[in-house]
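> Need a 3D model of the sequence below.
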Amino acid sequence: MNIRKVTVLGAGNLGAQIAFRVAYHGFDTTSYDISDEALQGARGRFESIADNYAKDLPGVSKEDARKAFDHLTQTSDLAEAVKDADLIIEAVPEHLALKQETYSKIKDLLKPDAIVVSNSSTLLPSDMAEYTGRPEKFMSYHFANAIHVMNIVETMPHPGTSAETREAVIAFAPQMGMVPVILEKEQPGYVINSLLVPWLVNGAELWVKGVATIESIDGVAAVITQSNNASFAPFRMFDFVGFGVAQALFSQSPDPVAQEFARRLKEDFIDKGKLGVETREGFYHYDEQGNATGLTDAAKAAYPDCEG
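Just a heads-up that it's a prediction; the model follows:
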């Protein structure tokens, strides 16, 4: 299948990055979200993404990055967004029921040969496939955060995904400057999170149980990995990934320590509009360039011990 028109459902932090990436590589791209207010927020994200391309990618100027806008359209009309798309990339929040509902809404609006993929980082495609009305043309397509520099995308089929769909989705990745990570079968956590989550869980547990402060945990991580990069320090990574994804992940665990961490994220950060790097405040404060400038008060707060 020749993919030329792409629609991204959801224009949050990662959805906006995906839409911009596809448009930057010259494909007709539609970015959908549920309201004009949400679209307005996405416009600000697109501007920031263009700045990041110019700042982080050698040889890319702000003018070069802004050429993506020539191929990018925004809409809050769902039917209009998907009707002509060859590929629909679902990037709505990480809640199974919401994703299933989204697929149910679009299944009768698509072209017969349209492919649907989910950007889910934790959910299995087999739990969503039947809701698309075209399970053979559905699979997972998980982008890492900061995709302009971490340009990998995990491609994971479910048992009913056709070979043609899988081949088309994998082939499209390099066309938008991404490197496909090819999974042969379903795996909770995919490859990235199967490697990363235990690192983050152990860091969260040390904090929740009062064993060490965030500053100490991230400091040790920097020494172990010989890096100050947020990719390696657990609480910098939580900020980087975003608290919505982290809270959804930890809230699904029956472990009391995980539940306590999810509660802290929701009550002390998410409910107060502190979502990590995206809002320039999470466990750390961040300047306009995305550099951490120190721990937030919430990150320094003392909690009753939770031994689990």
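
> And the average pLDDT for stretch 169-189 is what?
Mean pLDDT, stretch 169-189: 96.

> From one end of it to the other, what's the distance?
Taking C-alpha to C-alpha, to the nearest Å as the measure, stretch 169-189 stretches 20 Å from start to finish.

> Check which residues of that stretch are buried.
Residues of stretch 169-189 classed as buried by neighbour count (16 or more other C-beta atoms under 10 Å): 169-170, 172-173, 176, 178, 180-181, 183, 186. Any C-beta I mention is one placed from the backbone N, CA and C, and that applies to glycine too.

> just stretch 123-134 next, same as before
For stretch 123-134, by 16+ other C-beta under 10 Å, it's 123-126, 128-129, 131-132, 134.

> all helices of the stretch 51-200 of the chain, in order?
Taking DSSP state H, counting those that start in this stretch as the criterion, the stretch 51-200 of the chain carries its helices at 62-66, 78-82, 96-106, 163-175, 192-208.

> Between the buried residues of stretch 123-134, which sits nearest Ser35?
Comparing the buried residues of stretch 123-134 against Ser35 with C-beta to C-beta places Tyr131 closest, at 22.8 Å.

> Need the per-residue pLDDT for that closest one.
At Tyr131, the model reports a pLDDT of 98.

> Please apply the same query to the one 4 residues further on.
As summarised for this prediction, Pro135 has a pLDDT of 98.

> Contact partners for the closest residue to it other than its chain neighbours?
Using C-beta to C-beta, 6 or more residues apart in numbering and skipping residues adjacent in sequence, the residue nearest Pro135 is Ala129, 3.8 Å away. Shown in contact with Ala129 (C-beta atoms under 8 Å, 6 or more residues apart in numbering): 135, 138, 158, 160-161.

> Is it possible to get TSV of those residues that adds neighbour count and distance to Lys111?
Shown next, in TSV, are the contacts of Ala129 (neighbours: other C-beta atoms under 10 Å; distance: C-beta to C-beta, whole Å):
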residue	neighbour count	distance to Lys111
Pro135	20	16
Phe138	29	14
His158	18	21
Gly160	16	20
Thr161	24	18
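
> how about the strands in the stretch 51-200 of the chain?
Along the stretch 51-200 of the chain, counting by DSSP state E, counting those that start in this stretch, strands occupy 72-75, 87-90, 115-118, 138-143, 152-156, 179-182.

> Among the ones you listed, which comes closest to Asp255?
Among those, strand 138-143 sits nearest to Asp255 (C-beta to C-beta), with 23.7 Å.

> elements contacting the closest one?
helix 13-24, strand 115-118, strand 152-156, helix 163-175 (3 or more C-beta pairs under 8 Å, 6 or more residues apart in numbering; DSSP states H and E).

> Double-check Phe27 against Thr7; I have them as touching.
No - applying C-beta atoms under 8 Å, one finds Phe27 not in contact with Thr7, separated by 10.6 Å.

> And these two? Which one has more around it.
Taking neighbours as other C-beta atoms under 10 Å, Phe27 and Thr7 compare with Thr7 leading, 29 against 21.

> so the more buried one bridges to which residues?
Thr30, Ile88 (DSSP bridges).

> Ala262 and Gln247 touch, don't they?
Yes - contact status for Ala262 versus Gln247: in contact at 5.3 Å, counting by C-beta under 8 Å.

> any chance of the contacts of Ala129 in TSV, plus distance to Pro234?
Compiled in TSV, those are given as follows (distance: C-beta to C-beta, whole Å):
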residue	distance to Pro234
Pro135	37
Phe138	33
His158	31
Gly160	36
Thr161	34
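
> Tell me which helix or strand Gly294 sits in.
In the assignment (DSSP states H and E), Gly294 maps to strand 292-295.

> avg pLDDT for the helix or strand following that strand?
For strand 292-295, the following helix or strand on the C-terminal side (DSSP H and E) is helix 297-300. Helix 297-300 comes out with an average pLDDT of 91.

> other SSEs contacting helix 297-300?
Using 3+ C-beta pairs under 8 Å, 6+ apart, no helix or strand is in contact with helix 297-300.

> buried sites along it?
Within helix 297-300, the residues that count as buried by 16+ other C-beta under 10 Å are 298-299.

> And that helix, how far out from the chain middle?
The chain centre lies 25 Å from the centre of helix 297-300; the measure is C-alpha atoms, centre = their mean, to the nearest Å.

> can you list the residues that contact that helix?
213-214, 235, 268-269, 272, 274, 282-284.

> most surrounded residue in those?
Gly282 (29 neighbours).

> residue contacts, that one?
Applying C-beta under 8 Å, 6+ apart, the residues contacting Gly282 are 238-239, 243, 269, 274-276, 296, 299.

> Please apply the same query to Ser162.
Per C-beta under 8 Å, 6+ apart, neighbours of Ser162: 136-137.

> do that again at 6 Å, thanks
The contact partners of Ser162, taken as C-beta atoms under 6 Å, 6 or more residues apart in numbering, are Glu136.
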